[in-house]
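Q: Here is my input; please provide its structure:
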Amino acid sequence: MNRVTPFSSFIRTGILAAALLLPGISNGSPVMDEIVRSFERNNNYIQPFATIFGTAANAGWNQSAWVGKGFGFYLGIPLSVAYVSDDDRTFNGTFVDDGCKQYNNDPAHVPGSSCKEVTSYKGPTILGGKAPVMHRSIYDPYYSHNIIDTLDIQMNDGQFDFPMLPFGAPQIGLSYYFTEIKARYMWNPVEDLGDSKLPITFFGLGFQHDLRSVTRFLPVKLPVNISLFWNKTWLTADFTPGADDIKGTISM
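A: Next up, the predicted model:
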């Protein structure tokens, strides 16, 4: 569970729009093809980062439930913290040994080789640690009709190992008659991750209305201020693996 600690308490509806696209280019070698396919099969590798970053980006919009009646202006950098849980550091993945699948499906294969078509494993997300090594069989369907070799496939290691993700973004607000319109923008706060890259861009809009516009006419004054709030954040991020012979990008 992701916990967010904003610097104020308010009524909020947050919407995060994030979609995963897949890498589509490799250098054609079996090892590189398999690594790129591992991205395609395991979108959960980068999804926790999108969720946690989006949660943090949607926090801290309001500094108070009070909005003035006259003209107002706000400029600041609200801060929030998203905690990274153990569940966000790992995911359950499935590795398919295509060579083993070829071997088992070929009626002319030579009996005796031992391999496993599908292997379930627990791998690290981008917020996790070291990834396991899988094994891919190399099957010769033309001459020996047997498994002639095995390749070690190193799955994707995690890139972050932080207990929490602090977040702050420049925010501007204009208010009048108990209503405030707010905007946030941030570009490329985190890019280089060793050899890998993760540029991020996001833009957010918020709307807050203080219900004193209505409650001030009540016969009894309320002891607290109550506001309605809505916000939406557009988040764009591209993860590019650092190996020189792997070409591809996952976009959020």
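Q: And the strands in the stretch 101-250 of the chain, which stretches?
A: With DSSP state E, counting those that start in this stretch as the criterion, the stretch 101-250 of the chain has strands at 118-124, 133-140, 146-154, 164-168, 171-176, 179-187, 192-193, 196-197, 200-210, 227-239, 250-251.
Q: Report all helices and strands that the first one contacts.
A: Read that as strand 118-124. Counting contacts by 3 or more Cβ pairs under 8 Å, 6 or more residues apart in numbering; DSSP states H and E, strand 118-124 is packed against strand 90-96. Using the backbone N, CA and C atoms, a C-beta is placed for each residue, glycine as well.
Q: One more: the fifth one?
A: Counting contacts by 3+ Cβ pairs under 8 Å, 6+ apart, strand 171-176 is packed against strand 72-76, strand 179-187.
Q: and of the ones you listed, who's closest to Asn104?
A: Closest of these to Asn104 is strand 179-187, at 50.1 Å (criterion: Cβ to Cβ).
Q: Within its sheet, name the partner strands of that closest one and how each one runs.
A: strand 171-176 (antiparallel), strand 200-210 (antiparallel) (DSSP bridges).
Q: What lies in contact with it?
A: 57, 61, 67, 72, 74, 169-175, 200-210, 213, 231, 233 (Cβ atoms under 8 Å, 6 or more residues apart in numbering).
Q: ok now that strand, how far from the chain's centre?
A: Chain-centre distance of strand 179-187: 22 Å, with Cα atoms, centre = their mean, to the nearest Å.
Q: okay, the angle between that strand and strand 227-239?
A: Here the directions of strand 179-187 and strand 227-239 differ by 10 degrees (axes from the mean of the first three to the mean of the last three Cα atoms, to 10 degrees).
Q: Quick check: buried residues in strand 179-187?
A: Across strand 179-187, burial judged by 16 or more other Cβ atoms under 10 Å covers Thr179, Glu180, Lys182, Arg184, Met186.
Q: what about it, average pLDDT?
A: Averaged over strand 179-187, pLDDT sits at 91.
Q: For the closest residue to Asp157 other than its chain neighbours, report the pLDDT, please.
A: Once flanking residues are discounted, Asp157 sits nearest to Ala131: 4.8 Å by Cβ to Cβ, 6 or more residues apart in numbering. Per-residue pLDDT puts Ala131 at 87.
Q: Pull the number of nearby residues for Val67.
A: 22 (other Cβ atoms under 10 Å).
Q: Out of the helices and strands packed on strand 171-176, which is closest to Asp87?
A: Within the helices and strands packed on strand 171-176, the stretch nearest Asp87 is strand 179-187; the backing value is 26.5 Å (Cβ to Cβ).
Q: Show me how to select, in ChimeraX, the buried members of the contacts of strand 179-187.
A: In ChimeraX, this line selects whichever of these come out buried by 16+ other Cβ under 10 Å:
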select :57,61,67,169,171,173,175,200,202,203,204,206,208,209,210,231,233
